[in-house]
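just need the structure, nothing else, for what follows:
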Amino acid sequence: MLIGVYMLTSILSASLIMLATSASLNIDTALPTEKPTFLHHEQAFILSYDLTDTDVKLTWDVAPGYYLYQDTIKVNEITEDALQFTSTPVSTHDEYFGTTMIVKTHAAAHFAKSALKQTTFSVSYRGCAEAGLCYPPVTVEINL
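The predicted model follows:
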């Protein structure tokens, strides 16, 4: 009789382990396994510039699902007030930066060519993917 109880206990234990393993496999296979893929910053935020007789115009084509922080867009060789934005940002609450202005789809700014003391300048900016990735600040050198 003692052997019968031991065998019954062993069978029940093995059954419970198999049931628990099977249940955990079903839960694991039900979870999404694909991680989001992100564009390289040069694809997410395509920077271009245009030079006129008087101005330097900067534009960013922002990929769908991405945005730029407007207050991080800087031309390092000019004063901050010389850079004028022509795109319209929207206000958003960012968990790291608080309330901030972002630009989606297309960002544009310009400054007077006379604000430059040389023909080379650098532009810095920072953006994020809505899926949860924020890029480190990017600096691009431009030679006119």
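
now stretch 71-80: buried residues?
Neighbour-count burial for stretch 71-80, counted by 16 or more other CB atoms under 10 Å, picks out 73, 74, 75, 77, 78. Yep, even glycine has a C-beta here, placed from its N, CA and C like the rest.

ok, the first one touching residue 125?
Yes. Counting by CB atoms under 8 Å, residue 73 touches residue 125, with 4.7 Å between them.

rewinding a little: which of the buried residues of stretch 71-80 fall in strands?
74, 75 (DSSP state E).

please identify the one among the buried residues of stretch 71-80 that lies nearest to residue 134.
Closest to residue 134 out of those is residue 73 (15.1 Å), distances taken as CB to CB.

looking at that closest one now. What's its pLDDT?
Per-residue pLDDT puts residue 73 at 97.

likewise for residue 139?
98.

next structured bit after the worst-scoring helix or strand of the chain on mean pLDDT?
Lowest on mean pLDDT, DSSP states H and E among the helices and strands of the chain sits helix 2-30, with a mean of 48. Using DSSP states H and E, the next helix or strand after helix 2-30 towards the C-terminus is helix 41-44.
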